[in-house]
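Asker: Compute the structure for the input listed below.
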Amino acid sequence: MIGDPRYREPVRSLRCERAREWLSLRLDDEISEIERLLLRRHLGRCTECTAFAESVQAVTDVLREADQQVPQCDFGIETPTPSRAWLRLRLGFALVVVAAGFGALAGFLTSGAEGPGPVEIPPQIAVLPPPAIPEEPELPEPPVPEPGEEPIAPV
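Answerer: Model (predicted):
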């Protein structure tokens with residue numbers, strides 16, 4: 001059953017999927033050392049993933065070496081500039097948040113060093129003592145054979 005290729009194929013494709021994810025991470029230089037070693041080992045065994053890695057690397061190299069092009073036409077997308085009223089509203093909201101933070105901090109610092117005080121436990125929630133653990137019975141000592149006697153094996 002283990003040598004049957006029908007059972008080996010899903011495992012193989014999962015390894016290839018993982019290797020292709022690692023290839024992407026390697027291209028962006030975001031791969032860990034262990035992932036790099038596992039990818040190298042997989043590429044040494046899998047010709048399909050090796051061919052895929054070479055083609056992806058070639059395309060990436062071409063794209064990275066190409067000049068960036070600026071579009072010549074206007075796509076009609078306007079970037080809105082915030083108005084002064086909107087900026088004032090945002091600034092006012094930020095000041096309110098800062099003032100509330102300072103008020104909370106001042107209230108916390110002036111509440112006293114003792115803290116909120118003891119917590120009373122209602123009578124419905126009583127603390128029960130831990131259950132008693134029964135003692136284990138003492139087992140008799142096994143007989144020690146006298147010198148010259150054969151030991152008796154337990155049955």
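
Asker: Can you name the element that comes right after the helix or strand bottoming out on mean pLDDT in the chain?
Answerer: The helix or strand of the chain with the lowest confidence, counting by mean pLDDT, DSSP states H and E, is helix 5-27 at a mean of 78. Reading on from helix 5-27 to the C-terminus, the next helix or strand found by DSSP states H and E is helix 33-45.

Asker: Please identify the buried residues of that next one?
Answerer: Judged by neighbour count using 16 or more other C-beta atoms under 10 Å, the buried positions of helix 33-45 are 35, 38, 39, 42, 43. C-beta here means a position set from N, CA and C on the backbone, and glycine is covered the same way.

Asker: Quick one: residues in contact with the helix or strand that comes right after it.
Answerer: Next helix or strand after helix 33-45 toward the C-terminus (DSSP H and E): helix 47-65. The contact list for helix 47-65 (C-beta atoms under 8 Å, 6 or more residues apart in numbering) reads 16, 19, 20, 23, 24, 27, 42, 43.

Asker: quick one: which of those is nearest residue 143?
Answerer: residue 42 (64.1 Å; C-beta to C-beta).
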